[in-house]
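Q: Predicted structure and sequence below. I'll ask about it afterward.
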Amino acid sequence: MLRSQHRVYDGSGEVARTQDVWGAEGISAVALSFCRLLGLGCPKQAFAKIATPRMSFVGPRPERPEFVEGFEKRIPFYAERHRVKPGITGWAQLCYPYAADEEDTINKLQYDLYYVKNYTLFLDISIILGTVEVVLWGKGAR
């Protein structure tokens, strides 16, 4: 199962609205699927966001605001992961496979909270090296 965005089109072919969904099947963009296989989101957008001060290279992966609101209400300590800037890669991405449901999100939160508590340059370097290993050799959590 993957988390995705469902687009609803009007009669003219324009996107009328988008809806965030869990468990969407059949993502049509091959490039997006390949990037997700490697543990990357959309690289072009992600690197553009790093250039702004709102995001860093290493940190908990950002979540859609619609999901965050619900998670903060239902999952204890979820808001604590926002003490550091979100990042393209993080400890949870290296240690846990893709979160397909809320239970996986709770498990990934444990890794995010570990990162927040032990936020050091050494941990960031370890995460970067681990990410390079996953991208180049396909090792790591799936």
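A: Looks like it came in fine. Numbers count the residues shown, from 1 in each chain.
Q: where do the helices sit along the protein?
A: Assigned by DSSP state H, the helices in the chain fall at 30-37, 43-50, 65-74, 91-95, 102-117, 121-137.
Q: residues of the longest one that come out buried?
A: Of the residues in helix 121-137, those scored as buried under the neighbour-count criterion (16 or more other CB atoms under 10 Å) are 124, 127, 130-131, 134. From N, CA and C alone the C-beta is placed, and that goes for glycine too.
Q: likewise the shortest one?
A: Judged by neighbour count (16+ other CB under 10 Å), helix 91-95 contains these buried residues: 91-95.
Q: Looking at those, spot the one nearest Thr105.
A: Looking at the buried residues of helix 91-95 and their distance to Thr105, the nearest is Ala92, at 9.6 Å (CB to CB).
Q: List the contacts of that closest one.
A: Contact analysis of Ala92 by CB atoms under 8 Å, 6 or more residues apart in numbering lists 60-61, 108-109, 111-112, 115.
Q: how close does Pro97 sit to Asp112?
A: Going from Pro97 to Asp112 by CB to CB, to the nearest Å gives 15 Å.
Q: Lys85: which of the helices of the chain is closest?
A: Among the helices of the chain, the nearest to Lys85 by CB to CB is helix 43-50 (9.6 Å).
Q: Let me know the average pLDDT across that closest one.
A: Per-residue pLDDT over helix 43-50 has a mean of 58.
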